[in-house]
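Q: output the structure for:
(chains A, B, C and D)
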Number of protein chains: 4
Amino acid sequence: MVFILNPDVKQEKIDEFICGWEAKGFSTILSVGTEHTAVCLIGNTAQVDLEHIVHTTDIVAYGKRITEQYKAVNRTVRESTVVEAGGAVFGGGRFTVIAGPCSVEGREQILEVARGVKGSGASALRGGAFKPRTAPYAFQGMQAEGLSMLRLARAETGLPIVSEIMNQTQIELFEDVDIVQVGARNMQNFDLLKAVGALKKPVLLKRGLASTIEELLMSAEYIVSAGNGQVILCERGIRTFETMTRNTLDLSAVVLLKQKSHLPVIADPSHAAGIRSLVAPLAKAILAIGADGLMVEVHNDPAKALCDGAQSLDLQQFAGLMVDLRARAGIEGKLMC
Amino acid sequence: MVFILNPDVKQEKIDEFICGWEAKGFSTILSVGTEHTAVCLIGNTAQVDLEHIVHTTDIVAYGKRITEQYKAVNRTVRESTVVEAGGAVFGGGRFTVIAGPCSVEGREQILEVARGVKGSGASALRGGAFKPRTAPYAFQGMQAEGLSMLRLARAETGLPIVSEIMNQTQIELFEDVDIVQVGARNMQNFDLLKAVGALKKPVLLKRGLASTIEELLMSAEYIVSAGNGQVILCERGIRTFETMTRNTLDLSAVVLLKQKSHLPVIADPSHAAGIRSLVAPLAKAILAIGADGLMVEVHNDPAKALCDGAQSLDLQQFAGLMVDLRARAGIEGKLMC
Amino acid sequence: MVFILNPDVKQEKIDEFICGWEAKGFSTILSVGTEHTAVCLIGNTAQVDLEHIVHTTDIVAYGKRITEQYKAVNRTVRESTVVEAGGAVFGGGRFTVIAGPCSVEGREQILEVARGVKGSGASALRGGAFKPRTAPYAFQGMQAEGLSMLRLARAETGLPIVSEIMNQTQIELFEDVDIVQVGARNMQNFDLLKAVGALKKPVLLKRGLASTIEELLMSAEYIVSAGNGQVILCERGIRTFETMTRNTLDLSAVVLLKQKSHLPVIADPSHAAGIRSLVAPLAKAILAIGADGLMVEVHNDPAKALCDGAQSLDLQQFAGLMVDLRARAGIEGKLMC
Amino acid sequence: MVFILNPDVKQEKIDEFICGWEAKGFSTILSVGTEHTAVCLIGNTAQVDLEHIVHTTDIVAYGKRITEQYKAVNRTVRESTVVEAGGAVFGGGRFTVIAGPCSVEGREQILEVARGVKGSGASALRGGAFKPRTAPYAFQGMQAEGLSMLRLARAETGLPIVSEIMNQTQIELFEDVDIVQVGARNMQNFDLLKAVGALKKPVLLKRGLASTIEELLMSAEYIVSAGNGQVILCERGIRTFETMTRNTLDLSAVVLLKQKSHLPVIADPSHAAGIRSLVAPLAKAILAIGADGLMVEVHNDPAKALCDGAQSLDLQQFAGLMVDLRARAGIEGKLMC
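A: Reported below is the predicted structural model:
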């Protein structure tokens, strides 16, 4: 159940309202947005008389029942959320591109890529410092040193940085990362979700390899209900029987996530396809279907990349893609910076 | 192995060339295209000396080995195939829309839909006369009478008609159907594939629910190697663990099919999604990713449709979608009629 | 809705009862079993007063509503069906083994395999004459000649024969085949289902690669509702993301099919695994989980098999497996002949 | 590459041998087993001359190349590993049953279940204290208090206890847990794998929902290569398109894991099926296919269970299953305690 509050209600009135419900055994989530402020009620609301509350309090404009299990991320609560991180804006009619290498491999590499993608119009720089790898003998990332190099690249280019956190003990290391990414393998690492829920910075939550759309929304609910409303959802392909691609990009998920939730939704064509030649066509489809942005792997020398080279664009290919996307953004009614 | 012939080679020379190979135990497929004429050699070609043949015959311009199992549909044979049916053209830079109801339900219904989709710019009319239904107690289609009604609709609107054949005994019934559709459940009905391979008319081959991209190409190979080169491939969603949609549309497949084959490729957002509100967004993505067209379910009164109403657009929604697609076709370099 | 009739009701009374319902617009299925005779009512039975009918007719013992879409195959209709074919019995507490090569490849081959599997205790001989092959250039089976060879093998060994039908035009060719197999790729070839539903002989219906348990039951419903109650269901593995095996054998399906239907259920470990070394372990699991039998590929010389050699047992391996299974049958309360 | 050492080689010789390789830039894994001691070499071994080493050192009996990516868990290293935990033995010809509730819900509940399953012959007690739940509002387990209750139950019954760890910060809490379970959602939580790899106690590693057999082996490799060889693998069903069961139990995986690895392999029919009536049939199949044991959910009052009640056996059903399994163990050549 969600109560949409009247504009200009005083904070003390809201606190009182919330305390009243919590005294009755409900949990509440306060959701302050640009459209309106809302209070979600979690618990057995079957006996709550919505009409009565609207009529007897002077702070509630109207209320709605939420039948889905996800409450705080539910579109019933608000139309849309805009997430801002270091100048990059997700949602609100923009098409925002995050680009960069799978892994930070060295100072020169990340600086070169950062300059390149900045020049082509990317809004944020991605780079893995801690890498989840299937094999223990594979390159595991440059770790804390990788994060330092990302900060250097940010200092030089002004691009906010996005990097994947592997577990909640790393929270402090990510204090100066602009967007904390929770990867596909960690989508249901619930302790990590709770930990990033306690942060005051944007979280990029990727869909798990075999997670349903509803499970992705429930994982976002963990973060938002813990107090952090700045969540960006990311579709990155699901595991199916098809072997010609690495995963199967599920573009219907982008539409459904936007229908059911108020959070911004982007997609990652690189991990979905696993093949370079598919990245640009998929990126165009991602824009056309109404996503709020894109996360794409770009490397200065894909042939020598320490991971995922086969799916990485080089700087020139990325530049070409950005020209193409920008030409299309207008017809989609999207703003590209 | 494929031999690209010199231009203006006389037919008798070609026949002689083919006979020579068949005498040595190979099968051959003669592929006459607008770009060039090619002869595919099927069999154990490991010992065939390509260089030698090019130098010792005067009809072969050059030759190439084909490592894939699919030969006649392989892009090595030619760049692209354009399929033409009753005025509708698939491939060659066009974006061609097939629209119509899941089932023909009556004379008035199909006429109303045909007029509507024609008015909005559809190039062909679809309508199921024989329906493959999971339950024996479900509506099985109007059968031969349904085909008659489609012909009436064609007579009135000029739209070529597309309808699904269920088995090879129905071949004669489909003599006057412009495009014969082989449905997802029949993609590996090999006797049906051979039968439509003997036709002189376009075949629309839909991907099976759990068929790989390679299997779809092999099924097309059945048709083309049997002598019918007019095949249109159709991606329509695959079966995955996700239950919020009917199937998962695999747009990477559209790109890969076009990379690996010379056949035109369209996609069906209606069966993929199973939900009306996803059809338009998916259709835009299908155009953006480079498909040659679209097959979409449209009904004059979806709420009363005898099958698949939940995924059908009404005539007004379809008109809106066509306006939207036409606005986008230019940027894709596609021609919409 | 199903009516269980009193014992010893005269046929004319039953006919009259059925006519009465059909006059009211219902379809009926008469199901004569060893336990009792039942009449299934198909149609909108929401308004039918079950109590009233039991009290006002003297031929109905009791009635039950069937909520599932499958009616005639529903376990509500009867406890279990026993299918008999040329001496082989499926259901009724037996564990019955069908064995033989993927394809009939020649007279000597099929005779040698038939003698071998007969000697080891198989109850029926399988052998493909018409082969559904992904590639048009692969061996397509010995066709009608293959069926003749199977008949020879039957004449010599007394084993009933099982072979796959590809489409309904082959019905006459299969007149003298004991069990007509509908393969995985044809599980939703509805015209074929209707055709074998008109036969008076057992049908072995294999689950489709990506068909749900409910869809398999609906396909069986096509056959039984068309008048042929002699259906054996066969689980043969489903397509999943796992690539180390050809398919994933779904043993839960065996249990669920027996819970929901009265038909006998067997399983095919050979196609499920695609690897010889998995066949015997899976066969033991199939027996342990309560299946009514097994369908296993056996070849006299697997290394030279024209198809599926990698998953075929040789005659000695099969003999060993049968000894093992027979030692286990007792503890399962199953009879092996 | 693995070197099998001669028996009775002195430790200093082994250390010297290992140091030699590490000086050349290889990683090594020392694997001490009952059969023999082995040294795995990790790195680019293409140029290593196996023959030469066997002839020129006096401590190496023989060597073999390992082509798979998993080295330390590879069956090339040894025939089989036996894992022992508080009296429960996994591998070595035993069929060992872990039983208990999904969650520890209270002192009386866990004691009652522990006594019950002990009485029926279970070898270990499972009970979730920290619960990974899809919804943040669902019961999250009794946490540390739950672990205390498990210890109480162990004190009374003598059963070793198994419980799921959620992340590596909980390692100390699990100091007194006999077998640390890494759940399906954490199978690729690589930091957790490294952490449990540093433990000196058995780890039960469950297959991920959408993880391949090879990925499971690679995750085990993380643990074993970190120094902890006491790993038990657990197949628990994979996510497929079928919706009638919670997951699809992949019994072929049990056979393949035992063929490719030396680790003991058990299976969990409860999570695989999600339906109580399937648990016993699947358990029998798990025994028949050659697994080393079983993990099954048992609750004293399934109807009131706080989680997974629908798939839990009650104490009487479990007792019946154990009688049934014990009757079958002999024919499998398995010992049940």
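Q: give me the three-state assignment for residue A:148.
A: With DSSP: H, G, I helix; E, B strand; the rest coil as the basis, residue A:148 sits in helix.
Q: contact partners of the helix or strand encompassing residue A:99?
A: Assigned by DSSP states H and E, residue A:99 falls within strand A:96-100. For strand A:96-100, the external contacting residues (C-beta atoms under 8 Å, 6 or more residues apart in numbering or on different chains) are A:88-90, A:110, A:113-114, A:117, A:120-127, A:162, A:179, A:204, A:266, A:292-298, A:318, A:322, A:325, A:336-337. (Glycine included, C-beta is placed from N, CA and C.)
Q: for whatever helix or strand comes next after it, give the mean pLDDT please.
A: Going down the chain from strand A:96-100, the next helix or strand is helix A:107-120, by DSSP H and E. In this model, helix A:107-120 carries a mean pLDDT of 98.
Q: list the neighbouring strands of the following helix or strand past helix A:107-120 plus their orientation.
A: Sequence-wise, the next helix or strand beyond helix A:107-120 is strand A:124-126, with elements assigned using DSSP H and E. Strand pairing for strand A:124-126, determined by DSSP bridges: strand A:96-100 (parallel), strand A:161-165 (parallel).
Q: just give me the residue right at the centre of chain A.
A: residue A:232 (2.1 Å; C-alpha atoms, centre = their mean).
Q: please save the CA atoms from the one helix or strand that residue maps to in CSV.
A: Following DSSP H and E, one finds residue A:232 within strand A:231-235. In CSV, the C-alpha atoms belonging to strand A:231-235 read as follows (Å, rounded to 0.1, in the frame of the first residue of the first chain):
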residue,chain,number,x,y,z
VAL,A,231,19.2,2.3,-8.4
ILE,A,232,19.8,1.8,-12.1
LEU,A,233,18.6,-1.6,-13.5
CYS,A,234,20.6,-3.3,-16.3
GLU,A,235,19.5,-6.1,-18.6
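Q: what angle do it and strand A:96-100 make?
A: Here strand A:231-235 points in a direction 70 degrees away from that of strand A:96-100 (axes from the mean of the first three to the mean of the last three C-alpha atoms, to 10 degrees).
Q: hmm, who's touching strand A:231-235?
A: A:73, A:81, A:83, A:90, A:179, A:202-207, A:216, A:220, A:223-224, A:249-251, A:253-254, A:257, A:261, A:263-268, A:272, A:291-293, A:295.
Q: in helices, which of these fall?
A: A:216, A:220, A:223, A:224, A:251, A:253, A:254, A:257, A:272 (DSSP state H).
Q: run a quick neighbour tally on the first one.
A: Other residues lying near residue A:216 total 26 when counted by other C-beta atoms under 10 Å in any protein chain shown.
Q: wait, doesn't it sit right on residue A:210?
A: No: contact criterion C-beta atoms under 8 Å: residue A:216 and residue A:210 do not qualify, at 11.2 Å.
Q: bridge partners for the residue nearest to the centre of chain A, pull those for me.
A: residue A:204.
Q: how far away is it from chain D?
A: For residue A:232, the distance to chain D (C-beta to the nearest C-beta, to the nearest Å) stands at 19 Å.
Q: check residue A:106 too.
A: Per C-beta to the nearest C-beta, residue A:106 is found 20 Å from chain D.
Q: what's near enough to touch the nearest residue to residue A:319 once chain neighbours are set aside?
A: The spatially closest residue to residue A:319, leaving aside those adjacent along the chain, is residue A:120, at 4.3 Å (C-beta to C-beta, 6 or more residues apart in numbering or on different chains). Counting by C-beta under 8 Å, 6+ apart, residue A:120 makes contact with A:99, A:315, A:318, A:319, A:322.
Q: same check on residue A:61?
A: By C-beta under 8 Å, 6+ apart, the residues touching residue A:61 are A:4, A:5, A:6, A:36, A:54.
Q: against residue A:74, how distant is it?
A: Taking C-beta to C-beta, to the nearest Å as the measure, residue A:61 falls 17 Å from residue A:74.
Q: do the same with residue A:268
A: 24 Å.
Q: likewise for residue A:25?
A: 21 Å.
Q: and those two? which has more neighbours close in?
A: Taking neighbours as other C-beta under 10 Å, residue A:25 and residue A:74 compare with residue A:74 leading, 24 against 8.
Q: where do the domain boundaries of chain A fall?
A: When chain A is parsed with automatic domain parsing, its domains come out as A:2-64, A:83-336.
Q: least reliable of the ones you listed by average pLDDT, please.
A: Mean pLDDT across the domains of chain A is lowest at domain A:2-64; the value there is a mean of 90.
Q: what about residue A:29, neighbour count?
A: As a burial measure, residue A:29 scores 21 neighbours (other C-beta under 10 Å).
Q: kindly report the same for residue A:200.
A: 7.
Q: just checking, it touches residue A:228?
A: Yes: if you go by C-beta under 8 Å, residue A:200 and residue A:228 touch, sitting 7.0 Å apart.
Q: rewinding a little: columns distance to residue B:282 on top of the domains of chain A, output as TSV?
A: Shown next, in TSV, are the domains of chain A (distance: least, C-beta to C-beta, whole Å):
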stretch	distance to residue B:282
domain A:2-64	28
domain A:83-336	7
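Q: which among those domains is found nearest to residue D:304?
A: Closest approach to residue D:304 among these is made by domain A:2-64 (17.3 Å; C-beta to C-beta).
Q: first-to-last residue distance for the closest one?
A: Taking C-alpha to C-alpha, to the nearest Å, domain A:2-64 runs 5 Å from one end to the other.
Q: over to stretch A:16-35?
A: Stretch A:16-35 has an end-to-end distance of 22 Å (C-alpha to C-alpha).
Q: can you list the buried residues in it?
A: Of the residues in stretch A:16-35, A:17, A:18, A:21, A:26, A:28, A:29, A:30, A:31, A:33 count as buried by neighbour count, 16 or more other C-beta atoms under 10 Å in any protein chain shown.
Q: mind checking the SS state of residue A:176?
A: Following three-state DSSP, residue A:176 is assigned to coil.
Q: wait, it sits on residue A:151?
A: Yes: taking contacts as C-beta under 8 Å, residue A:176 lies within contact range of residue A:151: 6.3 Å.
Q: what's the burial count for the closest residue to chain B within the stretch 51-200 of chain A?
A: Closest contact between the stretch 51-200 of chain A and chain B, by C-beta to the nearest C-beta, is at residue A:68 (11.6 Å). If you count neighbours by other C-beta under 10 Å, residue A:68 ends up with 15.
Q: what pLDDT does it get?
A: 92.
Q: now it, nearest residue through space, not along the chain?
A: Per C-beta to C-beta, 6+ apart, closest to residue A:68 is residue A:74, 5.9 Å.
Q: same check, this time on residue A:309
A: In space, residue A:309 is closest to residue A:302, 4.5 Å off (C-beta to C-beta, 6+ apart).
Q: can you check residue A:18 too?
A: Closest to residue A:18 by C-beta to C-beta, 6+ apart is residue A:28, at 4.9 Å.
Q: and residue A:278, what element?
A: Using DSSP H and E, residue A:278 falls in helix A:276-288.
Q: other SSEs contacting that helix?
A: Helix A:276-288 is packed against helix A:251-260, strand A:265-267, helix A:269-273, strand A:293-297, helix A:315-329, helix B:251-260, helix B:276-288, with contacts defined by 3 or more C-beta pairs under 8 Å, 6 or more residues apart in numbering or on different chains; DSSP states H and E.
Q: the same query, at a cut-off of 7 Å, please.
A: helix A:269-273, strand A:293-297, helix A:315-329, helix B:251-260, helix B:276-288 (3 or more C-beta pairs under 7 Å, 6 or more residues apart in numbering or on different chains; DSSP states H and E).
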